[in-house]
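>>> Model the following, please.
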Amino acid sequence: MSRARALIVPNVEEFGIAAVEAQAAGRPVLAPDAGGTRETVIDGVTGVLYPAGNCDALAEAMRHEDFARFDPQVIRHHALGFRPEVFRSRLIAEVARVSGLGLDLEPPVLTSEPSPEPAAAAAV
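Below you'll find the model as predicted:
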């Protein structure tokens, strides 16, 4: 994926793990502005969002967008926010907040490197 010009997501997905994986590889994403990609792609920074269901807008972006303008390091850094340990930490903090348990949790530390083993993410 790291050699691709961009990942094209033609349909609306609940989360869209492929879009996050492409960003982890430093590649921009072209996706509908709906569903999970609305949450995982930053329009103009980590990819391009087009109006969902608008095939002409998708074709236009494919034809005219300069995907080389996107900074792979910025894209990779954004993808780090979707690592399992970050998700776990944020989930615990939110549960503590809404339950009133008041657990003191350290905020996740973001590094420039993603988790070393993709299989570890599946074990969450």
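
>>> now the strands for this protein?
In order along the chain, the chain carries the following strands (DSSP state E): 7-8, 29-32, 47-50.

>>> what helices or strands is the second one leaning on?
Strand 29-32 makes packing contacts with strand 7-8, helix 17-24, helix 35-40, strand 47-50, helix 55-64 when contacts are defined by 3 or more C-beta pairs under 8 Å, 6 or more residues apart in numbering; DSSP states H and E. Bear in mind the C-beta positions are built from the backbone N, C-alpha and C, glycine included.

>>> now with 7 Å?
Using 3 or more C-beta pairs under 7 Å, 6 or more residues apart in numbering; DSSP states H and E, the elements in contact with strand 29-32 are helix 17-24, strand 47-50.

>>> what's that strand in contact with?
Identification of contacts with strand 29-32 by C-beta atoms under 7 Å, 6 or more residues apart in numbering yields 6-9, 12, 19, 22-23, 37, 41, 46-50, 52, 61-62, 65.

>>> Can you tell me which of these are buried?
When neighbours are counted using 16 or more other C-beta atoms under 10 Å, the contacts of strand 29-32 contain these buried positions: 6-9, 12, 19, 22-23, 37, 41, 46-50, 52, 61, 65.
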